[in-house]
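Colleague: The following block contains a protein sequence and its predicted model.
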Amino acid sequence: MHNAAMWLAFLAGFSHCAFMQIVAVLIPMGLTGPYDYIVPAGLELAPGDIVRVPLGRREVDGVVWGEARGDVAKEKLKAVLTRYPVAPLAKDLMLFVDWVAQYVMAPAGSVLRQIMRVPAAFEPAAPLTAWRESDHETNSRPTRMTPARERVFKALKDGAILPTADLIHAAEVSASVIKGLAEAGFVQQVPIAAPSQFQLPRHDLPGFELSPDQAKIAQVFRETVAAKAFSVHLLDGVTGSGKTEVYFDSIAEALAQGRQALVLLPEISLTSQFLDRFKKRFGCLPAVWHSGLGASDRRNTWRAVSNGEVRVLVGARSALFLPWSDLGTIIVDEEHDSGFKQEEGVIYNARDMAVVRARLASCPVILASATPSIESIVNAQKGRYVHHRLLARHGAAKMPELKLIDMRVTPPEKGRWMVPQMVEAIKATIEQGQQSLVFLNRRGYAPLTICRSCGHRYACGQCDAWMVEHRFRKQLACHHCGLVEPVPHECEECGAEGSLTACGPGVERITEEVVNLFPDARTAILSSDHAGGNQALRQTLEQIIEGDVDIIIGTQIVAKGHHFPKLSFVGVVDADLGLGNGDLRAAEKTYQLLSQVAGRAGRDRTLGHAILQSYMPDHPVLQALVAGDRDGFIERECMAREMAHMPPFGRLAAIIVSSPSPQEGLNFVRQMATKIPHHPDINVLGPAPAPIARLRNRYRYRFLIKASRDAPVQSFIRQWLAPLQLRGGLRLSVDIDPYSFM
């Protein structure tokens, strides 16, 4: 049904319910639909109102969802307790909840929980306490006047009203001085509203100087925002082409229209440089939203988004579920990044859901990337998205030169991981006063620890995975469940002391090699394990930008959107990593990652170059990368997927069953296999143990559903799962359009 028609029907049904004094309330729990509640006399409710209701013996929050279901007798219904003094959820946000729930096959209440994770925001902030002189006669002062009291009266002269902290600072007194004057009746408290912590970005400041190609695209973005209509734009530009500066014009137009703008980034680490560029363009910082925010900041931001006080916000994927009241544009930067896929709870891809959110809000969405996903490129080829390309770097910068080193012919020296050509390139770069980046997409010191005496390998006690040594922290860690153990002094199997050895390199081991080779160089390591958390990571990024680092050693976190002006050389230690794991998107992900990493070099005026170490230099992905033949790579990848009827030319869905007992899970999936419905365009593969068969002490089995592009996958799965009942410790999750196959 058309959105407008859906909403009219919604309101019509709601009006009927209102007359009957009954409303349906959706509760943010794993519930498939809303429950009916009576509205007490004198309480007026509307769709989207956030309310407090009884549920069993508890009281919970919920949202008025509209038409009563009518499946419970009126005399058995409980009454709504109260309505919170906060703006109701917008109708397009409510439609978004229902759409997401239907598409990803999650309970609507679970999707609503993504919006309502900040219950403190439902109550208004307590007013600040401020002070002013009491209403005494003129020149009335305490009998005992001290210098401190004199300063208080001076600060409050001419009717001034100051918050407690400001008065203490202005009068240079302690709180006890103010308290004494209050008890004597000479000053009195008054409530004042808390000042906003969110500044209004200016749309009328001069923008960045754009090239003709950039300006042409920016003008299109302005026009689409001004039109207040839905459209999808793929901003496809090489690294360093100025995509951010171009889509800033869409934000400027949204601000000029008095509407809101949302920018989604895949990594918190990307926000630091983005915020600096934003402030330069718009005069102040935007609001931010990510898991690192404190409770108070989350509360204030949620409420400010709801009431329209926040005009621009940059955030992680969950920012899509903030209570936006008037979205004017959505930007998904690094749209190809797998970090936009939520893998637990409500499983969704924020990139795809951003397109749906924009359609419901009647605003344009911009997907930006130097290496767009195959899905987005095919959508552009089929005319679903408007395709904008920036084929050159901005200004005088040129694309870096790439060179493959065949490690079968030129191996590293014994005990090292970098080939001599890479070592020489780093040395020359330092001598030129430039920076080098050494890249290895593997965290920790080594991926495997083994005993030389008995051959014992250290594995996670909760997962089918090896423990990764983190030598800097003196720990062994599982990167799947988070289990951490100290590095042992002796083998747990044979008891031999000093027999444990690290196998293979991680980014910490490469750092050790770099420090040994270049002891006088200033080094920095960038990894998601960065000591000190996000704040320390931002400080390290600032040091790199300022030129206070000579050699950067990093994992994939360095590949995403960073601009290091003095970085001229990139060395990739293992270009083969990821090519042989059997993942549907292995070739695509490898091409994207290596292209992004190499693209960090030479983004300013210095010509950049990169060396890629490989044992498979003839691999089509690496050959296309070195030749700069992205279009050829995409054409071949699309042809292979189309022949195999794989996404985006077909559809996939995954069903994962897990159990604390391997036999219990196996019995259940065997039972499931006997109940698979028949459909000519849908094929079910499995059940089979998941690639990581044991995760967090739960045994996992997977079905993979392969279907034609137009097959009714969700209906098929609903029909299949409807008669099944989960008992004991069994859990079942559905992943529509899976990205991870682990």
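Modeller: Arrived safely, thanks for sending. Residues are numbered from 1 along each chain as shown.
Colleague: any low-confidence regions in the stretch 101-250 of the chain?
Modeller: Where the stretch 101-250 of the chain drops to pLDDT under 70, the residues are 136-139.
Colleague: and stretch 256-267, how far out from the chain's middle?
Modeller: 14 Å (C-alpha atoms, centre = their mean, to the nearest Å).
Colleague: got the contact list for the residue located most distally from the centre of the chain?
Modeller: Among the C-alpha atoms of the chain, the one most distant from their mean position (C-alpha atoms, centre = their mean) is that of T143, at 62.1 Å. Applying C-beta atoms under 8 Å, 6 or more residues apart in numbering to T143 gives no contacts. No exception for glycine: its C-beta is placed from N, CA and C like everyone else's.
Colleague: Go ahead and list the helix or strand containing it.
Modeller: Per DSSP states H and E, T143 falls between elements, in no helix or strand.
Colleague: wait, what's in contact with the most centrally placed residue in the chain?
Modeller: Taking C-alpha atoms, centre = their mean, the centroid of the chain lies closest to A316, which sits 3.0 Å from it. Each residue near A316 by C-beta under 8 Å, 6+ apart is listed here: 264-268, 289-291.
Colleague: and if you look at L128?
Modeller: Contact analysis of L128 by C-beta under 8 Å, 6+ apart lists 163, 191-194.
Colleague: and the gap between the residue nearest to A121 when sequence neighbours are not counted and V60?
Modeller: Nearest non-adjacent residue to A121, counting by C-beta to C-beta, 6 or more residues apart in numbering: W302, 4.0 Å away. From W302 across to V60, the span is 18 Å (C-beta to C-beta, to the nearest Å).
Colleague: who's more crowded, these two?
Modeller: Set side by side, W302 and V60 show more neighbours around W302, with 23 against 16, by other C-beta atoms under 10 Å.
Colleague: you'd agree the more buried one is in a strand?
Modeller: No - with DSSP: H, G, I helix; E, B strand; the rest coil as the criterion, W302 is assigned helix and is not in a strand.
Colleague: now it: how far from R113?
Modeller: 14 Å.
Colleague: what packs against the one helix or strand Y37 maps to?
Modeller: Counting by DSSP H and E, the element that carries Y37 is strand 35-38. Judged by 3 or more C-beta pairs under 8 Å, 6 or more residues apart in numbering; DSSP states H and E, strand 35-38 is in contact with strand 22-26, strand 50-55.
Colleague: can you give me the offset of the shortest one from its chain's centre?
Modeller: What that stands for is strand 22-26. In terms of C-alpha atoms, centre = their mean, the centre of strand 22-26 is found 32 Å from the chain centre.
Colleague: can you list contacts of that strand?
Modeller: Identification of contacts with strand 22-26 by C-beta under 8 Å, 6+ apart yields 14, 17, 33-39, 45, 51, 53, 62-69, 74, 77, 80, 97, 108-109, 112.
Colleague: Separate out the buried members of these.
Modeller: Neighbour counting over the contacts of strand 22-26 (16 or more other C-beta atoms under 10 Å) leaves 14, 17, 34-39, 45, 51, 53, 62-68, 80, 97, 108-109, 112 as the buried ones.
Colleague: Count the residues that sit near L483.
Modeller: 16.
Colleague: quick one: it and V468 touch, right?
Modeller: No - L483 lies out of contact with V468 (C-beta atoms under 8 Å); the separation is 10.7 Å.
Colleague: shared neighbours, the two?
Modeller: Applying C-beta under 8 Å, 6+ apart, one finds that L483 and V468 are jointly contacted by A477.
Colleague: Can you pull the phi/psi pair for G294?
Modeller: Backbone torsions of G294, given as degrees, to the nearest 10, read phi -80, psi 170.
Colleague: Report the separation between it and A121.
Modeller: 13 Å.
Colleague: what's the nearest residue to T82 if we skip its chain neighbours?
Modeller: R52 (4.8 Å).
Colleague: Can I get stretch 691-700 as CSV, trimmed to CA atoms?
Modeller: Only the C-alpha atoms of stretch 691-700 are listed here, as CSV (Å, rounded to 0.1, in the frame of the first residue of the first chain):
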residue,chain,number,x,y,z
PRO,A,691,32.4,-22.1,9.7
ILE,A,692,32.9,-21.2,13.4
ALA,A,693,30.9,-24.1,14.7
ARG,A,694,31.3,-23.2,18.4
LEU,A,695,31.0,-19.6,19.5
ARG,A,696,30.7,-18.5,23.1
ASN,A,697,30.2,-22.2,24.1
ARG,A,698,27.2,-22.4,21.8
TYR,A,699,27.2,-24.9,18.9
ARG,A,700,26.0,-23.4,15.6
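Colleague: what mean pLDDT does it have?
Modeller: Throughout stretch 691-700, pLDDT has a mean value of 93.
Colleague: Residues touching that stretch, excluding its own?
Modeller: So stretch 691-700 is in contact with 462-465, 480-481, 656-662, 665-666, 689-690, 729, 731, 741-742, going by C-beta under 8 Å, 6+ apart.
Colleague: Just the buried residues of it, please?
Modeller: By neighbour count with 16+ other C-beta under 10 Å, stretch 691-700 contains the buried residues 692-695, 698-700.
Colleague: export those residues to CSV and tack on secondary structure and distance to L652?
Modeller: Converted to CSV, the buried residues of stretch 691-700 look like this (DSSP: H, G, I helix; E, B strand; the rest coil; distance: C-beta to C-beta, whole Å):
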residue, secondary structure, distance to L652
I692, strand, 18
A693, strand, 20
R694, strand, 23
L695, strand, 20
R698, strand, 23
Y699, strand, 23
R700, strand, 17
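Colleague: Understood, closing this out.
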